[in-house]
Structure formats: C-alpha cells, structure tokens
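Colleague: coordinates only, no sequence provided:
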C-alpha cells in the first residue's frame, strides 16, 4: 500500500506534506523510538533503574520470602521468576504513562505536530522504546535468577514465544498507560494513578503465590486478572504446566485491553493535540 500524502498547515509561502500509510507510520514510529532511546545516554540512571528493580525483587524473594512461601529457595524461584517477569512488564508499562505525560507537559508533542509525520507515530514510538527497556529488564532478571538456581525446565527455544507473548500483552496494556498519561494534568498525578492501578494488578494475581492458597472469593478475582493468565502462561512455557489454555486466555485478554483503551488513547491524544 502506498503512502497517502496529506497537506498540513504551514507558514505562508511554504508547504509540507504529511506522509501517511502503514509503511510511513512504521518508519516514523521507529525514528521516534530511536530518539527516545538515544536520550538514555543523557540519563543513564534509567537503565540502572529498570535493570536494578528486577534484581532486587529476585534477591528479596530468594533470600527473604522463599522460606515463608515454599520453604525451598529453588522451588519457589521456579514459581516466582516467571511471575516477576510479568511484574517487570507491568512496571515498565507504568513508566510509559509517566513518560507520555512528560512528553505532553514539556511541549514535545507540540513540536511533533509541526513535523510531517503520522499522528500516531509519537505514541507507537514511545511504546516501542519502552519495549527495549522491558527486554533489558527481563534479560537481567533471568540472568540473576539463573545465578541463584532458577532453571528453564522445558526448552530454551520456549524463550522466543515467551518474549513474543510478553510483548503482545505489554503492547495492549500500554494503551491503557498512554490513556492515563494523556488524562493526567501533571507527572505527579499520573505517577499516583499509574502505580495505584498497576500494583494491584500484580498483587491480586498468581504472580507471587499460588491461586489455590487464597480464599475462594479471591480466587475468582485472581483468575480473571490478565496478569495471572500471563504468569501462568510463562510458567508453562519456561517451567511446567499447561500452555494452550493460559496462552489463549492471555491473547483474548490482550485483545480486550487493546479494543477498549487504544480508541480511548487515540481520542485523548488527538484532543490533546
């Protein structure tokens, strides 16, 4: 499909043409994502923050909480590391909301508006840049977990579908984060909103403890949590357990999130612009 050119308003005497279409949007989104990643060299603490959090959580659950959970460090690591991978995705998504709001309040999107690029490229570029941060976080988490005795009991080839499933879920959940970032009036409000919503998603799930240890009424809530579905799917892919059912449920939940929040985020984005 060829790109469709749309004339945009410019100062008198000049004319720019906004390139639209799937290929142009993908190219422009990649450019925006690269811009976001290049900024990390000016604030390398972002890499440290995203990388150190999963290491701290693995250490905490391996040496502090494992005795209260399964009693055996290795057994509990086999259970909790896949859950911590999901938690990393949720926390990185919360960062997306904060960064999106910062781009709006700093006037960055006003500068994007003057450029002949797709209207959705800044949104997709921000999400893709956070994908890279997520992969960095998960790689460090797995490496430190293996250092402490976590082992992939199925097959190393399952890492690829695991990452694909994680990225699909993160992409769909990111639209909720984008929507929250565009709605909030300042970074402080969006931080409270993002973490206030994301943290219950992880704690009311099967990320840290088995669902069958919870009260019956709570099990019903936890089983409907998309985070639980993803955690169970990753456990099946990397350790043991069912795969088809939790993967299918995760994909369905992801599509529901996308169908709800992508239109809301795009509407809020165009209204903001």
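Modeller: Sure thing, it's come through. Every value quoted in this text rests on a predicted model; they were computed, and no experiment measured them. Numbers count the residues shown, from 1 in each chain.
Colleague: residue 93: neighbouring residues, count only.
Modeller: By other Cβ atoms under 10 Å, 26 other residues sit near residue 93. Glycine gets a C-beta too; all of them are placed from N, C-alpha and C.
Colleague: need the three-state assignment for it.
Modeller: For residue 93, the secondary structure call by DSSP: H, G, I helix; E, B strand; the rest coil comes out as helix.
Colleague: can we start the residue count at 19 from this point?
Modeller: Yes, from this point I'll number from 19; that puts the last item at residue 111.
Colleague: just the strands in the stretch 19-168 of the chain please.
Modeller: 22-26, 34-38 (DSSP state E, counting those that start in this stretch).
Colleague: in terms of mean pLDDT, which of those strands ranks lowest?
Modeller: With a mean of 43, strand 22-26 has the lowest mean pLDDT of the strands of the stretch 19-168 of the chain.
Colleague: what about stretch 162-174, start to end distance?
Modeller: Taking Cα to Cα, to the nearest Å as the measure, stretch 162-174 stretches 16 Å from start to finish.
Colleague: so what touches it?
Modeller: The set of residues external to stretch 162-174 that reach it, using Cβ atoms under 8 Å, 6 or more residues apart in numbering, is 72-73, 76-77, 80, 91-92, 95-96, 99, 102, 160, 176-177, 255-258.
Colleague: what subset of those is buried?
Modeller: Neighbour-count burial (16 or more other Cβ atoms under 10 Å) applied to the contacts of stretch 162-174 gives 72-73, 76, 80, 91, 95-96, 99, 102, 160, 176-177, 255-257.
Colleague: return the subset of those lying in helices.
Modeller: Among these, DSSP state H puts 72-73, 76, 91, 95-96, 99, 102, 160, 177, 255-256 in helices.
Colleague: distance to residue 285 for these - can I get that in JSON lines?
Modeller: As requested, those are exported to JSON lines (distance: Cβ to Cβ, whole Å):
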{"residue": "72", "distance to residue 285": "34"}
{"residue": "73", "distance to residue 285": "39"}
{"residue": "76", "distance to residue 285": "39"}
{"residue": "91", "distance to residue 285": "48"}
{"residue": "95", "distance to residue 285": "43"}
{"residue": "96", "distance to residue 285": "43"}
{"residue": "99", "distance to residue 285": "38"}
{"residue": "102", "distance to residue 285": "34"}
{"residue": "160", "distance to residue 285": "38"}
{"residue": "177", "distance to residue 285": "37"}
{"residue": "255", "distance to residue 285": "35"}
{"residue": "256", "distance to residue 285": "38"}
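Colleague: ok, the buried ones among the contacts of stretch 162-174 vs residue 226, which is closest?
Modeller: Nearest to residue 226 among these: residue 102, at 8.6 Å, using Cβ to Cβ.
Colleague: ignoring the adjacent residues along the chain, who's closest to that closest one?
Modeller: Excluding its sequence neighbours, the residue lying closest to residue 102 (Cβ to Cβ, 6 or more residues apart in numbering) is residue 75, at 5.4 Å.
Colleague: dump the residue contacts of residue 248.
Modeller: Applying Cβ under 8 Å, 6+ apart, we find residue 248 in contact with 104, 107, 183-184, 187, 264, 268.
Colleague: from those residues, pick the one nearest residue 284.
Modeller: The closest of the contacts of residue 248 to residue 284 turns out to be residue 187 (Cβ to Cβ; 19.6 Å).
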